[in-house]
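[1] Turn this into a structure:
(one chain, ligands or ions: 1)
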Amino acid sequence: MSWDPAQYRRYEGHRLRPAIELLQRVVIDDPTRVVDLGCGTGNSTALLADRWPTARVVGVDNSTSMLDAARADRPDLHWIHHDIATWAPDEAAEVIYSNAALHWVDDHDELLPRLVTQLGPDGILAFQVPDNFREPTHTLVGETALEGPWADVLGPLLRSWSVRQPEEYTRLLGPHVDSVDAWRTTYVQRLHGNNPVAQWTKGSVLRPLLGALTSADADAFFAAYARRIARAYPAEDDGTTLLPFSRVFVVARR
Ligand SMILES: C[S@@+](CC[C@H](N)C(=O)[O-])C[C@H]1O[C@@H](n2cnc3c(N)ncnc32)[C@H](O)[C@@H]1O
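    Got it, this is the predicted structure:
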């Protein structure tokens, strides 16, 4: 199943805040070659282009639907259909940036040192990944997947995530770069609407599971997951719902 740009964009404002805060920590003068890995619909790429208007800014993604949306919004930028796991730039980049994408790529022990080799001297690798895999948003995915009639289909699709803690990224990247700055932030997102946490997850982590089911099973699976999520994230008195949203950030300078 491909990514769904409209579902992903429902929470665009909430999802973009970590992207902006990551970018604020990337301190470099006038880079000419900037890459956004896992650029999606191009929201994060547009931030990079606005920050460095004279740079050649390239967005890389393996989803044609996300890239189509990105290209339609910003035909002036460069969009490449490629898997991050095997991507390499034609020329060394000065900034390799990635917001909310590298957790989809396995084996960070191999991936991150290799990305550093694709930077020029003093180049910066900056990325942000979720750190909420032990939260109900994620644990209830596995629980719901393994308890329904869809268990045989979904069980093999449940994945372990490659995301590490800030201190682990510091140790991993330390020998390959001049400096590493790594940290964790928990945002408390105030969401509106009926059971909005289920809708939030539908735009990201549920996506490959829903795509593996028939439409009737996908609806039933999502309904079962949404019931659990409604209990785990009850609405506040004012009708909004609070979602703790933890992220790990890393900025490494070669
Ligand atoms: C959560 S979205 C983030 C999009 C964008 N960076 C943003 O901040 O709005 C994750 C994106 O990573 C892309 N992605 C996931 N795995 C990928 C891979 N192995 N190679 C390339 N892109 C990948 C998905 O297609 C999706 O567009």
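[2] From Ala69, how far out is Val26?
    25 Å (C-beta to C-beta, to the nearest Å). To be clear about C-beta, it is placed using only N, CA and C from the backbone, and glycine gets the same treatment.
[3] Name the residue in those two with the higher neighbour count.
    Ala69 (21 against 18; other C-beta atoms under 10 Å).
[4] For the helix or strand hosting that one, name the packing helices and strands.
    Using DSSP states H and E, Ala69 maps to helix 64-73. Contacts defined by 3 or more C-beta pairs under 8 Å, 6 or more residues apart in numbering; DSSP states H and E place helix 64-73 against helix 5-9, strand 56-61, strand 78-81.
[5] go with 10 Å
    helix 5-9, helix 43-51, strand 56-61, strand 78-81 (3 or more C-beta pairs under 10 Å, 6 or more residues apart in numbering; DSSP states H and E).
[6] and Tyr187, how many neighbours does it have?
    Quick note: Tyr187 (other C-beta under 10 Å) scores 14 neighbours.
[7] Hmm, Arg17 and it touching each other?
    Yes - counting by C-beta atoms under 10 Å, Arg17 is a contact partner of Tyr187 at 6.6 Å.
[8] hey, what's in contact with both of the two?
    Phe245, Arg247 (C-beta atoms under 10 Å, 6 or more residues apart in numbering).
[9] Quick check: closest non-adjacent residue to whichever residue of the stretch 1-150 of the chain sits closest to the ligand.
    Nearest to the ligand, among the residues of the stretch 1-150 of the chain, is Gly40, at 2.5 Å (C-beta to the nearest ligand atom). Leaving aside its chain neighbours, Gly40 sits nearest to Met66 (4.7 Å; criterion: C-beta to C-beta, 6 or more residues apart in numbering).
[10] Quick one, grab the pLDDT at Thr64.
    Predicted confidence (pLDDT) at Thr64: the value is 97.
[11] For the stretch 101-250 of the chain, which segments count as helices?
    Counting by DSSP state H, counting those that start in this stretch, the stretch 101-250 of the chain has helices at residues 108-117, 136-147, 151-154, 166-173, 196-202, 207-211, 215-232.
[12] In CSV, list those helices along with distance to Asp36, mean pLDDT and mean neighbour count.
    What follows is these, written out as CSV (distance: least, C-beta to C-beta, whole Å; pLDDT from 0 to 100; neighbours: other C-beta atoms under 10 Å):
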stretch, distance to Asp36, mean pLDDT, mean neighbour count
helix 108-117, 13, 97, 17
helix 136-147, 25, 96, 18
helix 151-154, 31, 96, 14
helix 166-173, 19, 98, 17
helix 196-202, 22, 94, 21
helix 207-211, 20, 93, 17
helix 215-232, 30, 97, 16
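[13] Show me the one of those that comes nearest Gly123.
    For the helices of the stretch 101-250 of the chain, the distance to Gly123 is smallest for helix 108-117, at 8.2 Å, taking C-beta to C-beta.
[14] Verify the stated contact: Ala223 with Leu210.
    No - Ala223 is beyond contact range of Leu210, at 11.5 Å (criterion: C-beta under 10 Å).
[15] picking that back up, which of the helices and strands packed on helix 64-73 sits closest to Asp181?
    helix 43-51 (18.0 Å).
[16] tilt between the closest one and helix 64-73?
    Relative orientation of helix 43-51 and helix 64-73, computed by axes from the mean of the first three to the mean of the last three C-alpha atoms, to 10 degrees: 30 degrees.
[17] Around the ligand, which positions in this protein sit nearby?
    With the criterion set to C-beta under 6 Å from any ligand atom, the chain comes near the ligand through 3, 15, 19, 38-40, 43-44, 61-63, 66, 83-85, 99-101, 104-105, 204.
[18] burial count for Asn194?
    Asn194 - counted by other C-beta under 10 Å - has 11 other residues nearby.
[19] Pro156 now?
    9.
[20] Give the full set of residues in contact with it.
    Pro156 touches Ala212, counting by C-beta under 10 Å, 6+ apart.
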